[in-house]
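J.: 3D model of this:
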Amino acid sequence: MLCVYSTGKLTLSLQSCSKYRLVIDVLRFFQQTFICLTLALRTYALYGRSRRLLIWMGIIALVLLAGALVRVHEEF
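T.: Numbering: from 1, shown residues only. You can find the predicted model right below:
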């Protein structure tokens, strides 16, 4: 397995590839979280700051988070 860093350095180390992959996954997680929160806030505003909608979005977010944690736990 080859990993190419942005500096152009080529490495064959499996450990360095896993570190690089972890950084990419963490950055992707934060990007998706930010986008999700932005869209949720826009939806909340469009529906006149409905408290019922906010509660339902919170419940859905918790269910999705629980599913993601189960999936991550199964991978390790």
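J.: name the helices or strands packed onto the helix or strand where Thr38 lies?
T.: Element membership of Thr38 [criterion: DSSP states H and E] is helix 14-46. For helix 14-46, the packing partners by 3 or more CB pairs under 8 Å, 6 or more residues apart in numbering; DSSP states H and E come out as strand 3-4, helix 51-75. Bear in mind the C-beta positions are built from the backbone N, C-alpha and C, glycine included.
J.: now the most centrally placed residue in the chain: how far from Val72?
T.: Compute the mean C-alpha point of the chain, and by CA atoms, centre = their mean the closest residue is Phe29, 2.4 Å away. Noted for Phe29: a distance of 10 Å to Val72, by CB to CB, to the nearest Å.
J.: repeat for Asp25
T.: In terms of CB to CB, Asp25 sits 10 Å off from Val72.
J.: kindly report the same for Gln32.
T.: 14 Å.
J.: cool, and Cys36?
T.: 17 Å.
J.: equivalent analysis for Lys19, please.
T.: As judged by CB to CB, Lys19 and Val72 stand 18 Å apart.
J.: just name the most buried of the helices and strands packed on helix 14-46.
T.: Stretch with highest mean neighbour count among these: strand 3-4 (a mean of 14; mean count of other CB atoms under 10 Å).
J.: what's the average pLDDT for it?
T.: Average pLDDT, strand 3-4: 56.
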